Structures are given as C-alpha cells and as structure tokens.
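>>> For reference, the sequence and a predicted model appear below.
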Amino acid sequence: MTSLDTVLASAKADNRAALIGYLPAGFPSVSGGIAALEAMVEGGVDIVEVGFPYSDPLMDGPVIQRAAEMSLAGGTKAADVMATVAAVAATGAPTVVMTYWNSVEAYGVARFARDLKAAGGSGLITP
C-alpha cells in the first residue's frame with residue numbers, strides 16, 4: 001500500500017471524507033506556495049494536490065485560473081512544480097500533482113513519472 005492508499009483507507013475506516021488541500025505551484029511565489037502547502041499539512045489536510053500551472057485552465061474556475069496566471073507570470077517552471085512536490089512530500093503527506101495531460105506530454109511522460117517519483121509524489125490527477 002502506498003501512503004495515499006493508507007490515508008484513503010484510514011479516512012474510509014473512520015467513516016469520513018479525506019481532507020485534500022490544493023494550490024497551484026508558484027502561487028503566490030514558489031517559496032510562498034510551499035509555505036502555504038506546508039501550513040495546510042500542519043492544519044490537518046490528509047492529502048495535498050499541487051497544481052501544475054497551465055496557461056488556459058478553463059475547467060478550474062476563475063479563482064484557480066487567476067492563481068495559475070499569477071504563478072506563470074512569476075516565472076514558475078516545471079522544475080518548480082517538482083521542487084514544490086518534494087518539499088510538501090517531505091512533510092509526510094501524500095502529495096499528488098493536478099494537471100492537464102498536455103503538460104505531462106510536453107514534459108515527457110516517462111520523464112514526468114520518473115521525476116514525480118523522485119520528488120516523493122504519490123500520484124497524478126488529470127481531467
């Protein structure tokens with residue numbers, strides 16, 4: 001069982017939903033985003049979703065769209081996403097990346113999987 005499996009099984013056994021925190025990497029800055037995600041873990045989230053900022057996040061709604069725009073305007077790159085995953089995963093919370101498949105394709109599927117695993121990521125969510 002992975003840490004993600006363990007957390008989900010524990011929530012199910014407790015008859016409760018898992019609390020999942022989300023923030024795009026690089027928002028409001030790379031270090032600020034990491035600090036915010038670490039605070040979410042300290043505050044009790046079970047799982048962390050790190051958003052891979054995307055130039056046209058139509059499915060995400062206006063608040064997340066604006067945060068992604070600000071992240072990209074601040075220069076957030078794929079390496080910053082992986083660094084964010086590594087920092088948050090180091091807290092012990094299962095950490096997944098939420099992104100559109102286009103970003104994974106552009107990064108390279110095998111490379112993305114390898115780098116996500118090396119960063120301690122627990123998985124990938126794509127629409």
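Here it is on my side, so go on. Numbering: from 1, shown residues only.

>>> how many neighbours does S10 have?
12 (other CB atoms under 10 Å). All C-beta spots, glycine's among them, are computed from the backbone N, C-alpha and C.

>>> what's near enough to touch L124?
V96, V97, M98, T99, V104, F112, A113, L116 (CB atoms under 8 Å, 6 or more residues apart in numbering).

>>> May I see the ChimeraX selection of the buried members of those residues?
In ChimeraX syntax, the buried subset of the contacts of L124 is picked out as below (16 or more other CB atoms under 10 Å):
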select :96,97,98,99,104,112,116
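
>>> What is the nearest of the contacts of L124 to V81?
V97 (6.7 Å; CB to CB).

>>> How far away from the center of its chain is the helix or strand encompassing that closest one?
In this structure, V97 sits in strand 95-98 according to DSSP states H and E. Distance of strand 95-98 from the chain centroid (CA atoms, centre = their mean, to the nearest Å) equals 3 Å.

>>> May I have the helix or strand following that strand exported as PDB, CA atoms only?
Going down the chain from strand 95-98, the next helix or strand is helix 101-107, by DSSP H and E. Presented in PDB, the C-alpha positions along helix 101-107 are these (Å, rounded to 0.1, in the frame of the first residue of the first chain):
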ATOM      1  CA  TRP A 101      -2.400  15.900 -19.800                       C
ATOM      2  CA  ASN A 102      -0.800  18.400 -22.200                       C
ATOM      3  CA  SER A 103       1.600  19.500 -19.500                       C
ATOM      4  CA  VAL A 104       2.700  15.800 -18.900                       C
ATOM      5  CA  GLU A 105       3.100  15.300 -22.700                       C
ATOM      6  CA  ALA A 106       5.200  18.400 -23.100                       C
ATOM      7  CA  TYR A 107       7.400  17.400 -20.100                       C
END
